[in-house]
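Trainee: how would this look folded up:
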Amino acid sequence: MLQRPRRNRKSAVIRDMIQETRLDASNLIFPLFIVDGQNQKTEVKSMPGIYRYSIDNLLKEVESCLKLGLRSFDLFPNIEESLKDKYATESYRDGSLYLRAIEAVKKNFPEACIVTDVAMDPYSSDGHDGIVENGEILNDETLEVLGKMALAHAQSGADIIAPSDMMDGRIGYIRELLDHNGFTNVSLMSYTAKYASAYYGPFRDALGSAPKHGDKKTYQMNPANAKEALIEAQLDAQEGADFLMVKPGLPYLDIVKLLADNFDLPIAVYNVSGEYAMLKAAIQNGWLDERVILETLLSFRRAGATAILSYHSKEVLEKGFI
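Mentor: You can find the predicted model right below:
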């Protein structure tokens, strides 16, 4: 035999030398949940090791992550029901929990990269990503709310704004609004291919943001569709997106690769709460070795993702996996 591929696997030195895909802290974005109050740190029951933090404890968590080399964070708010309304006005109110959190992190840690979530559902009394009228999710009317939200985030210090709502035209609307107000350097990470998935359950548990009625199938994508992701990506690229995101991650690696192969923009992927919960449950029960965490994250990089939003971000650094 002239070719023996095993020769290139015979030692750790050679295996490392020819490794095709690499993962480091710069590829990771750590999602963090925020609650109002002081000295709050409550675990999300369905996501072992993940917590909701009040702003004072959020700052401590960000500081500990920065010491590990983890520098990018995506913030998500748990909003009191009494503050929610039809038009999600709490999302852009001066002095709101979310805006105070952004400001606090950027003031204390200007070197941190803060990604913010633009969608109505955490603030909406209907629990949907858009304005609801007679059971219909209104697209164009929702854009104005999303724009107010995005502008408030930029004014508070956001580095990257990530619209997760899946309304048509929102990237162009927000880009124009930000530019008009002098925020030309604030990036947009579009949730380009966000599927109507059953993997979001623990996240909605963490935020209390599940729809009060109906589902999200009229604006989130059909899990059976791939070509539709190319349509969404083409529109987002034309409208000024800086990143294209796929959500969820593991069941949609083909979509990550599809976008990576067809677009020159950086590709992000969200390793969502349900994926995290599955691995954690299997590891805690001894059914899988925790090395599956690194294997999972590498699969996203191998498929073509540059940025990975993952609840595993901190632990892979703490445990020396990377």
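Trainee: mind listing the helices for the stretch 51-200 of the chain?
Mentor: 55-68, 97-108, 140-156, 170-180 (DSSP state H, counting those that start in this stretch).
Trainee: report the distance from the third one to the chain centre.
Mentor: I take that to be helix 140-156. Offset of helix 140-156 from its chain centre (Cα atoms, centre = their mean, to the nearest Å): 18 Å.
Trainee: low-confidence stretches in the stretch 201-322 of the chain?
Mentor: 209-210 (pLDDT under 70).
Trainee: which residues in it form strands?
Mentor: If DSSP state E, counting those that start in this stretch is used as the criterion, the strands of the stretch 201-322 of the chain fall at 243-247, 267-271, 307-310.
Trainee: dump those into CSV; add distance to N134 and mean neighbour count as well.
Mentor: Heads up, the C-betas are built off the backbone N, CA and C, glycines and all. As requested, the strands of the stretch 201-322 of the chain are arranged in CSV below (distance: least, Cβ to Cβ, whole Å; neighbours: other Cβ atoms under 10 Å):
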stretch, distance to N134, mean neighbour count
strand 243-247, 28, 25
strand 267-271, 31, 28
strand 307-310, 34, 24
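Trainee: which of those sits closest to R7?
Mentor: Across the strands of the stretch 201-322 of the chain, R7 has its closest neighbour in strand 307-310 (32.1 Å, Cβ to Cβ).
Trainee: export the closest one as PDB, just CAs?
Mentor: Provided in PDB are the C-alpha atoms of strand 307-310 (Å, rounded to 0.1, in the frame of the first residue of the first chain):
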ATOM      1  CA  ALA A 307     -19.100  33.000  15.300                       C
ATOM      2  CA  ILE A 308     -20.800  30.500  17.600                       C
ATOM      3  CA  LEU A 309     -23.400  31.600  20.200                       C
ATOM      4  CA  SER A 310     -23.200  28.800  22.800                       C
END
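Trainee: show me what it is packed up against.
Mentor: strand 28-34, strand 267-271, helix 292-303 (3 or more Cβ pairs under 8 Å, 6 or more residues apart in numbering; DSSP states H and E).
Trainee: just say which of the ones you listed is most tucked in.
Mentor: Greatest average neighbour count among the helices and strands packed on strand 307-310 goes to strand 267-271 (a mean of 28), per mean count of other Cβ atoms under 10 Å.
Trainee: paired strands for it, with orientation please.
Mentor: strand 243-247 (parallel), strand 307-310 (parallel) (DSSP bridges).
Trainee: and the contacts of the first one?
Mentor: Contact partners of strand 243-247, identified using Cβ atoms under 8 Å, 6 or more residues apart in numbering, comprise 160, 162, 164, 187-195, 197, 229, 233, 236-237, 252, 255-256, 259, 263, 265-270, 272, 305-307, 309.
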